[in-house]
Each structure stands twice: as structure tokens, then as C-alpha cells.
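**Q** Just a sequence and a predicted model for now, questions to come.
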There are 2 protein chains.
Amino acid sequence: MSDVELSQTPPLSIRARHAERSIIRELLKLAGQADVISFAGGLPSPKSFPVKAIEKATDWVLETHGARALQYSSTEGEAALRKAIAEHDAELGVPTDPDCIQIVSGSQQALDLAALAYVDEDSLIAVEDPTYLGALSAFRLQRPKFITLPTDDYGLNPDKIGPEFRGIRFAYVIPNFQNPTGITLSEERRIKLAEKAREYDFWILEDNPYGELWYDKQPPKPVRFYAPERTLSLGTFSKVLSPGFRLGYIVGPKAALEPMTTIKQAIDLHTSTFTQLISARCLDKGLMKKHMPEVRELYKTQCQCMLDAMDKYFPEGTTWTKPDGGMFIWATLPDYIDTDEMMHEALKRKVAYVPGSAFYANTPKKNTMRLSFVTVPPEKIKEGIKVLGTLIKERIDAHK
Amino acid sequence: MSDVELSQTPPLSIRARHAERSIIRELLKLAGQADVISFAGGLPSPKSFPVKAIEKATDWVLETHGARALQYSSTEGEAALRKAIAEHDAELGVPTDPDCIQIVSGSQQALDLAALAYVDEDSLIAVEDPTYLGALSAFRLQRPKFITLPTDDYGLNPDKIGPEFRGIRFAYVIPNFQNPTGITLSEERRIKLAEKAREYDFWILEDNPYGELWYDKQPPKPVRFYAPERTLSLGTFSKVLSPGFRLGYIVGPKAALEPMTTIKQAIDLHTSTFTQLISARCLDKGLMKKHMPEVRELYKTQCQCMLDAMDKYFPEGTTWTKPDGGMFIWATLPDYIDTDEMMHEALKRKVAYVPGSAFYANTPKKNTMRLSFVTVPPEKIKEGIKVLGTLIKERIDAHK
């Protein structure tokens, strides 16, 4: 940063000097251009928003609890919402006490809070390789070191977790329809991960933004079920109700929530009372049960459409995951193709994806890409995948 | 913290070991008990919430911009809201570009972001003495050192600012109806503060949660007007529309906002699209102009009621401020009375206040208290002040 820029701000903190704007957020700006077919988004389909039901719930909240909905609230969150979440968890087979739930301003804030409460400079955090880049951004503000969890074609492989994981602050994992790979961790591996956490005495930070977005069958029980005494699970309403509400939650042992509650008090007092009460009403009225089958069907169809197009247009030498839910397909190209560099040409041809390099904590694999199928209409999915297939084939041919 | 507790959490960060729950938030729990007359709150009166107008604005937003209101948004904030804020600022005589506004999740988050972007461990922050304790909590997460701004009966006294303020990260000030004192900084002192900031090359972080809550006349122009190149001004909708929305903003030079925007992206992506669009609609419909005279009248009456009761019931040897706006009166008792200790007896007699010690960055004055008059009905104000007056008189008599 030059001197000229420095004089235009107060003295920058070390943290601010290191912080970088996320590639995804910058790409969202391009994705916003009407003529670009964007597979780069992590946005849910606006078709999935239950606008009418939310309007009804909002009117009810303002008419029956107006003064409360507009007032300050407790840092822990509104009792009505915590109760509704606990009931929802119980239905998934994971009994939960409302007192063991902390409401947050989107599950992104949960990542920040976990790092604030449990990470110092140079602390070790274990992450999947690749993993959600927004988690890396949140964690990096505390300037930790990352150790990567061993993985194979079925996701993280707990068999290979050894004593080098003793002493980490926590292991951050996304067991359901992982971001970016779309892979789901098997029940067997969840059980094994819980055992290894106990053996090497580490905590698990389990992120589950996509669990409700299964296509044919529900994913296995959360890791928290197998290691409740050392797991903090993150949930969100962003993919099932509305990301515009900025509403998420953390479930875990009360003693482990408390340091995060104390810090949350200092950083934003509490999460919006208004959106909490609206969401609680939506849950109470069974909105998710009525609403989710439609969303699942939509995403399943879109996913299949992209997989079919990839079968047709992606050249030999490329491979990709076949997700059972969620929003993403992860493609691996021949190792001499650099998807960072290829992105410029893709954008010229009006197609966007997220280069895979952004999702690695340490050493990136440059020949990977994340493709989201949820916001693009089927015809455009085919068109965009065809463009990408052609582009990849050109690189392969040029390499021969 | 004992070993038993430690084993119930992941390894705590240094920050978490130092974070303390705010006394105010703990007191709010007591304030919630129906039989306590609480002057401890910082809550606006629920009578001031325009519930019907918000319901109308919400319906309009969902019916005309439903998909957008429920979707992810940009980290900077919704254009419609930034434009409405810029127009409101212009009407106050401070021309503002919407690009120089960052939307945040309540102005508490602005305090956190300012510290994240501009404060390292052991950095110097200048604060008023006393000052808003929530700001101290937010800043303390970065473990800075505090230098106190010289003050007298008229608030901070810029004449006494000397070269020891060179090199601070910023000076945090609340010029209008200060929290906790209720004092308003004169125009002359604002101009002088701007000059001193230029002379000693420091930035000003100007917090203005109460500016709209004037009783008889508008306060002077913000400090930013006199030093726009080195001031970041914080605003909020919590005291004029709804704290339950968790909506605030930062206005300042774009280059100085950018590091905060980058960090905000990592900590919560963005602020609720939904509450942003509802608030923009409320501003566009002129709601604040229609609504604020009523709120001002309510607060003025409540304030006068408390001042009258203090005149009648507070014993000789106590003094207090006479605010021209805002939510707080600050009382100073004989210096041998410790209001921390007296609080236990006050609670036994079912009256609550905030002990003044919480508002000091370094050395507390233990003989002070903050009294809020906004949420207590007039009859209860008289009753509560009488109880406190009696309690203080007992201490004075015992000391004789």
C-alpha cells in the first residue's frame, strides 16, 4: 500500500494490512452483469424464497408483538427462535436444549466468533482441503496457521488423522454437500471423526448450511450427534428461508458458547430481533416442511441438468463430483490447466465460475473449479457448460 | 478460569480470557423484572416505535422487491438506503456522497470495525472520560491502551489537547447528548477539536446515536463538517426507528471506509437486506420527519419529569447534568459514596441505575451514576428518584 493511500486513513492495523477482499464477492459483481452466465454464485435461487409466507409472518409479528420485535433483545437470541430450532433439531434425531443455542447474524458471524473466542495468532486450525473460502477469510483475521485434514474421493478421511492434530484449536468441517466439492461424508466416517477427536482431544466446528438441500434422501446425522461434548454446529436460514435476513445459529455445550456470547455482545450487541421473530413464526407454522420439498426438487433438477451437460460437453481428462444435495459441483481438469488464468478468457466468452485455488488454505490445486447450478435456467446451464467445455478442450488440444 | 471450565471449551484465545460481559447487559436482565423501576436501560421507549408505518413499508418492500429483499446483498449496503441517508445528511447541512457510506449491523458493529481496521495491541485510542461503555468493550477486544480527552463541565475541552495526542489511532467522541453525561459539545469546541485534529494529525471517530433526539433546538453541525478529511461519523436507526433492526452506518472518506468494508465481508458478509430496504422505504416516505417531533416531545417531558424529581428528592451535595436532548442524566454524589456498592441496596429497594464506574476507560470515578428516563412512566420516575434520594441521604447522614 502506497504512502498516498495511507494518509487517507487512520493508521492501519496489521490485520487490515493483511485482509484481502474475497474473490467470490468480487466475482458476484461480474455475476450481476445481465449478459454473463454465472456459475460463480453461492446465492440460493430467488425462486426458493417463500415471499408470501414471510409477508404473512411479518404482519403477524408486527400486529401481535410489534413493540418487542422492534426493541433491543438479548445477546443469546430470542427464546421463541431458539425453541423452534431445538424442535427442528430434535426432529432430525439430535435432541437439543434451547439454552445450548446462540443466535448469530448469519453463520458467517459464527465463523468469526469461533475464531475470536478460540484462535490466537499462529494457532493451528484444521480445515478440509479444499474448504469454504469465507471460513478461511474469517479465520485469517486472527492470523492462524492451517493444517489440512487428509482427504480422498469420499471427502475427509478420518483414518489418516494422527497425533499431529493434537493441540489444534478446532477442526472445521462441512459434512453435508460440502462447499466447494459437493461431497457428503458417510456415517461411518462421521463416527470415526468423532472417535479421532476424542483420541487426540480436539474440538469440531461443524458447518451445515446445505443439510436441508438433499435430493433423494436425508444425509446422515450430524457429527455433533457422535461427539456432542466437543462439537459446535453451525446452522443458517440463508439457504432455506432467506439470506437477506442474515440469521444463523450455533449449537453446542453451553460452556463453549459462553465465550462467544460475551464477545458477540461487544461486537454487535445482538442479532435483529425483527428477523428472529419472523423466522420463529415461519418455523412454528411448519413453513420449512411445506416449503423444502419444492426447493429440493428445483435444485435436484438443476443439478442433473448441469451433470448431463458436463457429460455431453466436458472433454476427456476432466472429472467432477456428483452431489446428493446442495448447490455445487467441483470439477478437476488436467493438471496443466490453470483455472485462475482461464477465468479471464471464460469471462470474455460471458461465462463465470469460481477458480478452485481460492478454496485452499495452504497449497492450491490450480486445475479445479466450482460450478453452481442453482440460479441459472436450464437452457443457460447447457449453453454455459458448452462454452466451458470448448474452452477446456482448446487448452487440452493446445497442450498435445 | 479453572481447569474444569477450560476442559468444557476449545482452548480459549487470549482475547476471550480478557473479555468481560458488560455490566449494562447484565443489568438489563434485572431491568426486565416487572417490579424494578429501572433507570439503567439504554433502550428507547417502545412508545416511540412507528409499528404501523413499518408494517406498511414491509408489505411494500415484499410486494415490490420481494426476491431482492430476501437475497444476499453487497457488503457496502443497499444503494437505496445509502442514498436516503445521504439526503438526510444533506438536509442537516452536511453534504454526503452515498459512496462514502458503509451500512453496518447496528452502530455497535461500526465500533468493532473501526477497531479491527485501525487498532493493534497497545495502540492508543483517545476517549472521553466518561464514555459509552459499549465502545470500550468493542475497542478492548483489540487490547489497546486508552488516553483520556481532557474534559470540564461543558464536555471535552479541546483547548487542553496537546502533542501527547499525536500518534493515536483515533479520538472517539459523542458530541450530541453524550452517553453517559447527556452533555452537548458547543459549536466553538467542535471547530477547535477539528483544528487540534489537524494540528496533531489524528482522526476523529464521531458517534451520533442521539442527534435526532433534541428537545428545543437542533444540536450544532457534526464534527465531520469541520474536519471531513479526517472524521468517520457513525449513525444508527436504533434510537429513531427500531433497535430491533440492528442497522447503522459509517460516513467518511471512501479510502478510510474500504479497510472496514473488506473486514466486514469476512465477519458477516453484509447487513440484512430486508431491514435495509424497509428502512430506506421509511426514510423515502418521510417517516422520520413525521415521527420525530412526537419522540422528541415524549423524551423532553420524561427528562423534565426526572429533573423535577431530582430537584425535589436528591439531597444537597449531589449535582447532575441538564441535557438538551438524548436519553441520559449523569449524577455526581459526594466522593465518599461508591455507587457500585450502593447498587445492591438500590436493587433491594427495587430501583436500578448504571453505576458510573463502568464508563471510565482508565480510572473510574466511583461516586457517579447514569439515569435513563425514557422507558419509565412519570409516576414511577418520581417514585424511583425518591427512593434513590433517600438512599443517598442515608449515606450522607451516616458519613456526618
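**A** Received it, and whenever you're ready, just let me know what you need. Residues are numbered from 1 along each chain as shown, chains lettered A, B, ... in the order given.

**Q** Output the set of residues of the stretch 51-200 of chain A in proximity to chain B.
**A** Contact residues, the stretch 51-200 of chain A versus chain B (Cβ under 8 Å from any Cβ of the partner chain): A:51, A:54-55, A:58-59, A:62-63, A:66-75, A:105-106, A:108-109, A:112, A:116-120, A:123, A:134, A:137-138, A:140-142, A:169-170. To be clear about C-beta, it is placed using only N, CA and C from the backbone, and glycine gets the same treatment.

**Q** sec struct for A:Trp330, please.
**A** Using DSSP: H, G, I helix; E, B strand; the rest coil, the structure places A:Trp330 in strand.

**Q** so what's the closest residue to it other than its chain neighbours up against?
**A** Excluding its sequence neighbours, the residue lying closest to A:Trp330 (Cβ to Cβ, 6 or more residues apart in numbering or on different chains) is A:Thr181, at 4.2 Å. Neighbouring residues of A:Thr181 by Cβ atoms under 8 Å, 6 or more residues apart in numbering or on different chains: A:Pro130, A:Gly155, A:Thr321, A:Phe328, A:Trp330.

**Q** Find the pair from those with maximum spatial separation.
**A** Greatest spatial distance in the contacts of A:Thr181: A:Gly155 and A:Phe328, 13.3 Å, computed using Cβ to Cβ.

**Q** Need the overlap of contacts for the two.
**A** Overlap of the contact sets of A:Gly155 and A:Phe328 (by Cβ under 8 Å, 6+ apart) consists of A:Gln178, A:Thr181.

**Q** Quick check on these two: which one has the bigger neighbour count.
**A** Each of A:Gly155 and A:Phe328 has its neighbours counted (other Cβ atoms under 10 Å in any protein chain shown); A:Phe328 has more, 24 against 21.

**Q** what's near enough to touch that one?
**A** A:Gly42, A:Phe177, A:Gln178, A:Asn179, A:Pro180, A:Thr181, A:Gly182, A:Arg370, A:Leu371, A:Ser372, A:Phe373.

**Q** One more pass at 7 Å, please.
**A** Applying Cβ atoms under 7 Å, 6 or more residues apart in numbering or on different chains, we find A:Phe328 in contact with A:Asn179, A:Pro180, A:Gly182, A:Arg370, A:Leu371, A:Ser372.

**Q** ditto for A:Val127
**A** Taking Cβ under 7 Å, 6+ apart, we find A:Val127 in contact with A:Phe146, A:Thr148, A:Leu149, A:Tyr172, A:Ala361.

**Q** what's the spacing between it and chain B?
**A** A:Val127 is 15 Å from chain B, where distance means Cβ to the nearest Cβ, to the nearest Å.

**Q** Check A:Leu81 too.
**A** From A:Leu81 over to chain B the distance is 13 Å, taken as Cβ to the nearest Cβ.

**Q** where does that residue fall, phi/psi-wise?
**A** Dihedral angles of A:Leu81 (phi, psi; degrees, to the nearest 10) stand at phi -70, psi -40.

**Q** ditto for A:Gln102
**A** Per degrees, to the nearest 10, the backbone of A:Gln102 is at phi -110, psi 120.

**Q** what about A:Lys289, neighbour count?
**A** Count around A:Lys289 with other Cβ under 10 Å applied: 11.

**Q** Show me what the helix or strand that contains it is packed against.
**A** Element membership of A:Lys289 [criterion: DSSP states H and E] is helix A:287-313. In terms of contacts (3 or more Cβ pairs under 7 Å, 6 or more residues apart in numbering or on different chains; DSSP states H and E), helix A:287-313 is packed against helix A:378-399.

**Q** Show me the contact partners of the helix it packs on.
**A** Residues from elsewhere that reach helix A:378-399 (Cβ under 7 Å, 6+ apart): A:37, A:39, A:302, A:305-306, A:309-310, A:313-315, A:317-318, A:333-334, A:336-337, A:342, A:345-346, A:349, A:351, A:353, A:373, A:376.

**Q** ok, of these, which come out buried?
**A** For these, a burial check counting by 16 or more other Cβ atoms under 10 Å in any protein chain shown picks out A:37, A:39, A:302, A:305-306, A:309-310, A:313-315, A:318, A:333, A:337, A:342, A:346, A:351, A:353, A:373, A:376.

**Q** In the sheet, which residues pair with the residue lying closest to A:Ile174 once chain neighbours are set aside? Tell me.
**A** In space, and not counting its chain neighbours, A:Ile174 is closest to A:Asp207: 4.7 Å by Cβ to Cβ, 6+ apart. Counting by DSSP bridges, A:Asp207 forms beta bridges with A:Leu234.

**Q** ok, A:Asp207 touching A:Leu232?
**A** No: look at A:Asp207 against A:Leu232 with Cβ atoms under 7 Å: they stay out of range, at 9.6 Å.
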